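*Asks:* let me see the structure of the following:
(2 chains)
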Amino acid sequence: MKKRRFISIVVFQMTLLLLMIAYKQYSVYTGETIRLHLQRPVDPRSVFSGNYVILSYDISTLNQSLARGESFNYGDTVYVALSKQGEYWVPASIEKIPPKKIFIKGTVASSWGGSIQARYDIEQFYIPDSRAKEMEERLRIAERSGDAYAEVVIDGNGNAIVSKVFLGVEELV
Amino acid sequence: MALVENEEVNELVLNEVRSWVDDGIITEEQASRISERLRCKGKSSTLTSSRFITILSVMGALLLGLGVILFFAANWQAIPKFVKVLMILSLIAATYLIGYYLKYVKKDYPMVGSALIFLGCLLYGAGIWLIAQMYNMNAHYPNSILLWVAGILPMAYLGSSSAILVLSLLLMSFWVTSEVTFLTYATRYSYLSLIMLYGAVLLAIGNRHRLGRYSFFSGYYAVLGMILIHVSAFPLTFSFTHAGSAFEPVPETLALIEILVMVLAAGLTFPYEAIKSRNIDVSFTDVIGVVLICLLAISVTAAPSLFSNYIISNTLYFLLLVGSVYMGVTKQSSGIINIGVVFFCLDVIARYFGLFWELLPTSLFFLCGGALVLGGGIALERKRRGILRALKK
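*Replies:* Now for the predicted structure:
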């Protein structure tokens, strides 16, 4: 086996991993942090990634009226313009092209009965293995009280990363 | 013909043969034949033990890889993100470099070296999951699998490593089956049809590999392809597969994908080399076989109502079984023959249950079934062994 070729494949793999990091770090450095209200967080487990919480936001279910006559189907890219109401940011309109104001980019998961379900790649939040049991209990309490929210960083292209999750005043770590 | 008499030369030749196996130049079977030819029968046990060491090394690499994946999955908060990334990148680089050194530079522990390179491929996958975990990424999870395959498939070819190829093929198949479920037209028929087409492409790639540098990879592609073809075609012979289905027209995009895949599969199987060398024995049997499988797959979406007819779906599946065994015989592939025989047995058992469960009293049903399975099993095993013996000759 040629040494140079072997090294080039190893470098190629490293580059792919570093590109993954760079893509997300770009959003972290250039993005703006906003607060999104959460509904019913659930705690499942993945073999590869460990324990995580499934996050469902108020902006996960959008009213079709916000689309102003435009139709959205499964798999379509959706740009949701956001406006601040009190502490949290809420959807102002749903667009097919990036709007001028702050927006989040998502994909339509389903569209029926006057509402659109959208996903934004912020629906998963990983938690340490050692604290999984304790988290489950805290999530149950948060589900009842309904005062959970997430801090999300959104860059200029609408790409989002969930950075922190709060259950009431306590941060989920 | 006493080719090799000297003990040291014997050892030298055997070492060389072993490295050919490691480099993928020859198969284990060919290595055994060479050692036999050199009258080194006494030493051929070295090859058996080397195979054992290879299996042991791969198992060790798998366990280590799993341990690292689970370590990072535990998401230790005490370790900062930056350190975690540095840890995984250094671990990947060190594993690959030690593996390379042992296998190609020092050549003392080629199998351990191969196992370490394989471990490097697993660690690369662990790295992808770690980064996804760090940034709480979840968008379209099959992308991570594709990224994993894109990184390790070149390593399988460069290192002629069967273990890495099998890992890549399994991941690739997982990616295809996951991706198909995300398609907008993911009905049960389009799902089965696309998996069958993917199987046909694997079969075609296996065929392309038969001649040339990577001939030892051919079997892995062909066997996995054939398994996927049968796994997706077999359910069509059951009436419950068709229960409550709406036979909708085929979306244009799906039709286009299916036709393109068929052209790709046929193109991969086409005997260019034979035509180029003006070989008078140019055979288009493989192309016809692959195209027929693709047409069967396409008709699953184009005319699903056809398969809801019990007699037609069973007749077509029976033809596929016969075709598979024929393909196995012409390709001299025991793997493909075995797949054909196994699915034939499953088909007979399924049809027996389907036809006689309600017609016969329960006791008689099991008595007849047991006799059928036992008798059929003995007869089929004899036939299968006969074919394999004939192939070996």
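*Asks:* tell me who's in contact with residue B:237.
*Replies:* Counting by Cβ atoms under 8 Å, 6 or more residues apart in numbering or on different chains, residue B:237 touches B:310, B:313-314, B:317, B:347, B:350-351. In short, each C-beta sits where N, CA and C put it, glycine included.
*Asks:* make a PyMOL selection of the buried ones in those residues.
*Replies:* Listed next is the PyMOL selection for buried residues among the contacts of residue B:237, using 16 or more other Cβ atoms under 10 Å in any protein chain shown:
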select buried, chain B and resi 313+314+317+347+351
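*Asks:* so can I have CSV of the contacts of residue B:237 showing distance to residue A:101 and pLDDT?
*Replies:* Output for these, formatted as CSV (distance: Cβ to Cβ, whole Å; pLDDT from 0 to 100):
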residue, distance to residue A:101, pLDDT
B:310, 60, 82
B:313, 56, 88
B:314, 61, 88
B:317, 58, 92
B:347, 61, 89
B:350, 60, 86
B:351, 64, 83
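*Asks:* restrict the contacts of residue B:237 to contacts with chain A.
*Replies:* With the criterion set as Cβ under 8 Å from any Cβ of the partner chain, no member of those is near chain A.
*Asks:* can you redo the contacts of residue B:237 as JSON lines with secondary structure and distance to residue A:112?
*Replies:* Output for those, formatted as JSON lines (DSSP: H, G, I helix; E, B strand; the rest coil; distance: Cβ to Cβ, whole Å):
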{"residue": "B:310", "secondary structure": "helix", "distance to residue A:112": "35"}
{"residue": "B:313", "secondary structure": "helix", "distance to residue A:112": "33"}
{"residue": "B:314", "secondary structure": "helix", "distance to residue A:112": "38"}
{"residue": "B:317", "secondary structure": "helix", "distance to residue A:112": "37"}
{"residue": "B:347", "secondary structure": "helix", "distance to residue A:112": "40"}
{"residue": "B:350", "secondary structure": "helix", "distance to residue A:112": "38"}
{"residue": "B:351", "secondary structure": "helix", "distance to residue A:112": "41"}
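*Asks:* now for the contacts of residue B:237, which pair is the farthest apart?
*Replies:* For those, with distances taken as Cβ to Cβ, the pair at the greatest spread is B:310 and B:347 (13.0 Å).
*Asks:* coming back round to it: return the member of the contacts of residue B:237 nearest to residue B:289.
*Replies:* Relative to residue B:289, the closest of the contacts of residue B:237 is residue B:317; by Cβ to Cβ it sits at 15.6 Å.
*Asks:* is it true that the closest one touches residue B:235?
*Replies:* No. Assessed by Cβ atoms under 8 Å, residue B:317 is found out of contact with residue B:235, at 9.9 Å.
*Asks:* show the end-to-end separation of stretch A:90-101, please.
*Replies:* 13 Å (Cα to Cα, to the nearest Å).
*Asks:* not counting its neighbours along the chain, what's nearest residue 109?
*Replies:* In the absence of a named chain, this looks at chain A. Nearest residue to residue A:109, sequence neighbours excluded (Cβ to Cβ, 6 or more residues apart in numbering or on different chains): residue A:117, at 4.3 Å.
*Asks:* not quite, I wanted chain B
*Replies:* residue B:102 (4.6 Å).
*Asks:* is the one you found in a helix, a strand, or coil?
*Replies:* Judged by DSSP: H, G, I helix; E, B strand; the rest coil, the three-state class of residue B:102 is helix.
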